[in-house]
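Asker: A predicted structure for the sequence below; I have some questions about it.
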Amino acid sequence: LFTQLEYSEPPILGESIGGLNKFYLDYYGDKLYLKAGDVYSLQGRGLTLNLIQDQSIDYDNSVKGIEARFNLLENLSLFSIIGQSKYKYRSDPAEREKDLLLDSKLGFVGFEYEHDLIGTASTSILFNDISSESLTDYKLIEYDFLWNRQIKNIDLFIEHVISNANESSSGKKTYVMIYANIFDYGITYEYKNYLLNHNYNIITANPPIVLRESNSTLVSSNAHAINWNDEIGHQIEINKNFSDQFIIQANTSLSYSHPKESNSNISLMDVLIMDGESDIYHQYPFRQLYLEVSGWINNDNVYYKIGIDKFDDFKKYFSNPFSVSALTIPTMFTLKLSENNSTTIYAEYQNREEISRMSDLSVNLANNYIDNYYSFTYNHHSLFSLTFFYRQELYKGVWGSFWGDIDPPPNSGNVEVWRGLDITYQINTSTQISFFSGSQKGGLICANGICAIQPGFEDGFKITFRSLF
């Protein structure tokens with residue numbers, strides 16, 4: 001039996017809630033699994049079915065219904081889900097509460113077969129009837145084909161989906177992952193190709209984003225808005241552990257939309273170079289490069305992590321090209337002190353430029369920002385911690401035809417500062433209480449390609465109590 005009680009009056013994001021929020025009952029047998037209530041489930045990598053909850057971005061696409069799985073043979077299983085939901089979502093990610101609603105009826109059935117020779121294969125079909133006051137009603141049918149196989153030190157995964165809406169509009173979704181260990185280098189390659197001509201909200205799916213999500217404060221402030229209906233992407237990640245003192249991680253992520261008949265097709269090299277003065281904006285290219293070194297030094301008394309991140313995201317709204325480019329250097333250092341005490345220091349720097357261009361690619365308006373973020377934490381015997389936060393953003397105006405002969409641009413040289421102090425006390429291993437005083441910058445927060453704008457916190461006081469039970 002699972003229950004989720006919530007009291008939010010109001011939460012940071014979403015509507016006020018008081019009382020029983022989620023509930024399900026499940027049963028495990030030798031051959032049968034049953035679940036009734038609020039159903040969360042995942043098929044493959046989520047191209048067709050990925051029902052999840054993430055309260056940090058106020059996202060929940062679960063259904064109320066029944067899920068069942070029956071093992072016909074030792075290596076053959078049947079599975080099914082039947083349910084319905086009222087899916088709420090935002091017309092604008094800046095809104096605190098959701099303002100749009102879809103009624104969804106879901107039917108899902110499939111089978112999975114495992115064999116030592118061929119690996120794991122699965123086929124499923126999804127039926128989804130969706131109605132709304134603001135959108136045309138439609139019926140979605142998706143056929144999902146999945147194969148996974150491990151061959152020595154190579155792991156292969158392929159999932160392909162054929163998508164049809166209202167029996168007339170078709171589309172496809174493909175995801176491929178290859179992992180190999182070559183001379184102790186862990187190499188992962190991911191590929192996505194999403195093309196849905198019907199342009200409907202696929203509320204049951206959360207496919208792989210095929211890009212790197214960072215936990216760095218400044219790196220994560222820049223987010224690529226994924227077009228789930230039209231995007232091709234590649235990601236390569238390389239990990240190498242030379243020793244405990246020196247570990248390397250390198251990541252390259254690229255994506256772009258499918259070419260339109262009226263425009264020339266851009267190449268992978270165009271996306272790698274990301275030249276702001278070339279005509280590539282019509283395919284919404286995105287590139288992110290990341291390199292990190294980390295390890296324990298000084299007899300394992302000091303842990304360090306130093307990275308460098310280059311982010312470039314190009315868009316074309318109507319005939320106006322727009323780009324965001326940022327160079328970020330995130331660092332973290334942890335020092336062990338005597339008697340189980342420690343200190344952790346985060347220091348991050350970012351140079352971000354936002355450029356709006358004319359149709360001939362000449363600069364219309366350019367804005368430049370310099371961000372610095374620092375935090376210092378002292379941890380005492382794992383009983384309490386004291387953290388000081390400081391963030392500064394400097395706006396530097398850059399010339400563009402928008403300002404003409406104005407010198408300097410308005411607000412150039414403006415500095416904004418956010419600072420705060422947090423004290424956290426560990427009551428026991430599962431319970432803690434925190435006191436925060438100060439201000440925090442709001443902004444876009446993303447999880448699995450889904451984003452919401454979290455409001456800032458200005459010169460206030462917060463008490464947070466957490467308990468796991």
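Answerer: Nice, I can see it.

Asker: any weak-confidence spans in the protein?
Answerer: Applying pLDDT under 70 to the chain picks out residues 168, 199-201, 398-410, 444-451.

Asker: how about the helices in it?
Answerer: Assignment of helices within the chain using DSSP state H yields the ranges 268-273.

Asker: I figured Asn251 was touching Arg287, is that so?
Answerer: No. Taking C-beta atoms under 8 Å as the definition, Asn251 is not a contact partner of Arg287, at 11.4 Å. C-betas here are computed from N, CA, C, even on glycine.

Asker: in stretch 177-190, what's buried?
Answerer: Met177, Tyr179, Ile187, Glu190 (16 or more other C-beta atoms under 10 Å).

Asker: and stretch 36-48, how far apart are its ends?
Answerer: Distance between the boundary residues of stretch 36-48 (C-alpha to C-alpha, to the nearest Å) amounts to 21 Å.

Asker: tell me which residues are up against that stretch.
Answerer: Taking contacts as C-beta atoms under 8 Å, 6 or more residues apart in numbering, the residues outside stretch 36-48 that touch it are 2, 22-26, 49-53, 62-67, 81, 83, 108, 110, 122, 124, 126, 142, 144, 146, 157, 159, 161, 173, 175, 177, 204-208.

Asker: same thing but at 7 Å, please
Answerer: Outside of stretch 36-48, the residues within contact range by C-beta atoms under 7 Å, 6 or more residues apart in numbering are 22-25, 49-53, 62-67, 81, 83, 122, 124, 126, 142, 144, 146, 159, 161, 173, 175, 204-208.

Asker: cool, and stretch 291-303?
Answerer: Looking at stretch 291-303 with C-beta under 7 Å, 6+ apart, the contacting residues turn out to be 244-250, 304-308, 333-336.

Asker: check which residues of it are buried.
Answerer: By neighbour count, and taking 16+ other C-beta under 10 Å as the criterion, the buried residues in stretch 291-303 are Glu292, Val293, Ser294, Gly295, Trp296, Tyr303.

Asker: buried ones among the contacts of stretch 36-48?
Answerer: In terms of neighbour count (16+ other C-beta under 10 Å), the buried residues within the contacts of stretch 36-48 are 22, 24, 49-52, 62-65, 67, 81, 83, 122, 124, 126, 142, 144, 146, 159, 161, 173, 175, 204-208.

Asker: max pairwise distance over the buried residues of stretch 291-303: which two?
Answerer: Farthest apart among the buried residues of stretch 291-303 by C-beta to C-beta are Glu292 and Trp296. That separation is 14.8 Å.

Asker: I'd assumed Asn164 was in contact with Ile141.
Answerer: Yes. The pair Ile141 / Asn164 is scored as a contact, 4.9 Å apart, by C-beta atoms under 7 Å.

Asker: among the contacts of stretch 36-48, which ones are in strands?
Answerer: Here DSSP state E is the test, and the contacts of stretch 36-48 give 22-25, 53, 63-67, 81, 83, 122, 124, 126, 142, 144, 146, 159, 161, 173, 175 as lying in strands.

Asker: all strands for the stretch 151-300 of the chain, in order.
Answerer: Secondary structure of the stretch 151-300 of the chain by DSSP state E, counting those that start in this stretch: the strands cover 154-165, 169-182, 185-196, 230-243, 246-256, 286-297.

Asker: Glu261: how many residues sit nearby?
Answerer: Other residues within reach of Glu261 by the criterion other C-beta atoms under 10 Å amount to 4.

Asker: correction: Asn372
Answerer: Here the neighbour count serves as a burial measure; for Asn372 (other C-beta under 10 Å) it reads 15.

Asker: Leu365 too?
Answerer: For Leu365, the number of neighbouring residues by other C-beta under 10 Å comes to 18.

Asker: mind listing the residues bridging to it?
Answerer: Residues found in beta-bridge contact with Leu365 (criterion: DSSP bridges) are Ser356.

Asker: that one and Met358 touch, don't they?
Answerer: No. Distance between Leu365 and Met358: 9.8 Å, which falls outside the contact criterion (C-beta under 7 Å).

Asker: which stretches in the stretch 1-150 of the chain count as strands?
Answerer: Secondary structure of the stretch 1-150 of the chain, counting by DSSP E, counting those that start in this stretch: strands at 2-8, 17-28, 32-39, 53-54, 59-60, 63-73, 76-89, 100-115, 119-131, 138-151.

Asker: now the fifth one, how far from the centre of its chain.
Answerer: With C-alpha atoms, centre = their mean, to the nearest Å as the basis, strand 59-60 stands 13 Å off its chain's centre.

Asker: equivalent analysis for the first one, please.
Answerer: Relative to the chain's own centre, strand 2-8 is displaced by 25 Å; criterion: C-alpha atoms, centre = their mean.

Asker: the longest one now?
Answerer: With C-alpha atoms, centre = their mean as the basis, the distance from the averaged C-alpha position of strand 100-115 to the chain average is 23 Å.

Asker: and that strand, which strands flank it?
Answerer: For strand 100-115, the pairing partners within the sheet under DSSP bridges are strand 76-89 (antiparallel), strand 119-131 (antiparallel).

Asker: which one, of the ones you listed, ends up nearest to Asn222?
Answerer: Closest to Asn222 of the strands paired with strand 100-115 is strand 76-89 (C-beta to C-beta; 23.2 Å).

Asker: just the CA atoms of the closest one, as PDB, please.
Answerer: Coordinates of each C-alpha in strand 76-89 appear next as PDB, following Å, rounded to 0.1, in the frame of the first residue of the first chain:
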ATOM      1  CA  LEU A  76       7.800 -14.600 -21.800                       C
ATOM      2  CA  SER A  77       5.700 -12.000 -20.100                       C
ATOM      3  CA  LEU A  78       2.500 -10.100 -20.900                       C
ATOM      4  CA  PHE A  79       1.800  -6.600 -19.600                       C
ATOM      5  CA  SER A  80      -1.100  -4.200 -19.700                       C
ATOM      6  CA  ILE A  81      -2.300  -0.800 -18.400                       C
ATOM      7  CA  ILE A  82      -5.900   0.600 -18.500                       C
ATOM      8  CA  GLY A  83      -6.600   4.000 -17.000                       C
ATOM      9  CA  GLN A  84      -7.600   7.600 -17.400                       C
ATOM     10  CA  SER A  85      -6.500  11.000 -16.200                       C
ATOM     11  CA  LYS A  86      -7.100  14.700 -16.300                       C
ATOM     12  CA  TYR A  87      -3.700  16.000 -17.400                       C
ATOM     13  CA  LYS A  88      -3.000  19.600 -16.500                       C
ATOM     14  CA  TYR A  89      -0.300  21.600 -18.100                       C
END
